[in-house]
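>>> next one to model:
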Amino acid sequence: MKRVEYPVAIRALITELKRMPGIGPRSAERIALWMIQSRDARPAEIARSLQEVAATIRPCSRCGFFTAETVCEICGDPSRDTSLICVVEQSTEILPLERTGAFRGLYHALGGRISPLDHIGPEDLRIAALADRARVEQPAEIILALGADVEGEATANYLVDLLRDVPVKITRLAQGLPAGGGLESADELTLTRAMSGRTRLAG
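Numbering: from 1, shown residues only. Reported below is the predicted structural model:
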């Protein structure tokens with residue numbers, strides 16, 4: 001007996017949804033069916049939003065955060081403290097820090113962390129851009145808000161060594177963040193305490 005499958009269009013949608021992080025085959029199927037069955041799904045609006053994001057959103061040329069302009073809202077804010085640069089692994093970790101209200105400086109997203117096992121080296125990240133910013137903008141302090149795991153430690157050590165000739169104080173967020181976890185998963189109180197209790201590494 002021939003096995004019955006969903007129509008090609010539904011199968012194609014499920015396949016695309018499965019490519020998203022955290023979405024397995026069953027979840028992809030449920031989302032796809034909801035989009036074509038629910039009155040509240042509004043698939044055309046979802047498609048338009050996806051197209052608009054893909055067409056207009058890009059990394060900020062200065063810090064790497066999301067923006068539809070050349071520089072993001074944070075970098076373009078004249079009230080920010082330009083003497084402080086907080087370095088994070090991913091641009092998605094900027095908003096959790098912003099929401100604490102504990103930091104009013106600027107940011108720099110590396111786009112990942114050094115991980116030889118994953119074939120990610122310094123040249124694959126926005127590390128050279130950070131070094132350039134440190135030399136040109138001459139901040140008083142660079143805060144490393146990196147993961148408390150092996151890769152995070154390796155990246156932090158690399159940055160301290162790279163910036164050794166730059167007259168800048170380098171600090172790191174106080175421990176208390178979950179080992180192996182990113183800033184996105186930490187609550188605001190933990191992030192606030194980590195920011196206020198940061199430790200000095202160099203400079």
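>>> can you pull the contacts of residue 138?
By Cβ atoms under 8 Å, 6 or more residues apart in numbering, residue 138 lies in contact with 167, 168. All C-beta spots, glycine's among them, are computed from the backbone N, C-alpha and C.
>>> can we see that at 10 Å?
Contacts for residue 138 (Cβ atoms under 10 Å, 6 or more residues apart in numbering) come out as 82, 83, 166, 167, 168.
>>> same question for residue 113.
Applying Cβ under 10 Å, 6+ apart to residue 113 gives the contacts 89-90, 120, 125, 127, 146-147, 149-156, 158, 182.
>>> where are the low-confidence patches of this protein?
Applying pLDDT under 70 to the chain flags residues 174-197, 199, 202-203.
>>> against which helices or strands is the helix or strand hosting residue 48 packed?
Assigned by DSSP states H and E, residue 48 falls within helix 43-56. In this structure, helix 43-56 makes packing contacts with helix 25-37, judged by 3 or more Cβ pairs under 10 Å, 6 or more residues apart in numbering; DSSP states H and E.
>>> and the direction of the helix it packs on versus that of helix 43-56, what angle?
Going by axes from the mean of the first three to the mean of the last three Cα atoms, to 10 degrees, helix 25-37 is angled at 110 degrees with respect to helix 43-56.
>>> all helices for this structure, in order.
In the chain, the segments counted as helices under DSSP state H are 8-18, 25-37, 43-56, 94-100, 127-137, 150-162, 188-196.
>>> enumerate every residue touching the nearest residue to residue 143 once chain neighbours are set aside.
Residue nearest to residue 143 in three dimensions, not counting chain neighbours: residue 86, with 4.5 Å by Cβ to Cβ, 6 or more residues apart in numbering. Residues in contact with residue 86, defined by Cβ under 10 Å, 6+ apart, are 63, 93-94, 97-98, 103, 105-109, 141-145, 171, 173, 195, 198.
>>> likewise residue 5?
Applying Cβ under 10 Å, 6+ apart to residue 5 gives the contacts residue 11.
>>> would you mind measuring from it to residue 37?
17 Å (Cβ to Cβ, to the nearest Å).
>>> start to end distance for stretch 73-85?
One end of stretch 73-85 sits 15 Å from the other (Cα to Cα, to the nearest Å).
>>> ok, the closest residue to residue 27 other than its chain neighbours - contacts?
Nearest non-adjacent residue to residue 27, counting by Cβ to Cβ, 6+ apart: residue 17, 7.7 Å away. Remark: with contacts taken as Cβ under 10 Å, 6+ apart, residue 17 is in contact with 23, 24, 25, 27, 28, 29, 30, 31, 32, 35.
>>> quick check: closest non-adjacent residue to the second one.
Once its chain neighbours are removed from consideration, residue 24 has its nearest residue in residue 18; the separation is 7.1 Å (Cβ to Cβ, 6+ apart).
>>> who's in contact with the one you found?
Counting by Cβ under 10 Å, 6+ apart, residue 18 touches 24, 25, 26, 27, 28, 29, 31, 32.
>>> residue 1 versus that one, what's the distance?
Distance of residue 18 to residue 1, given as Cβ to Cβ: 27 Å.
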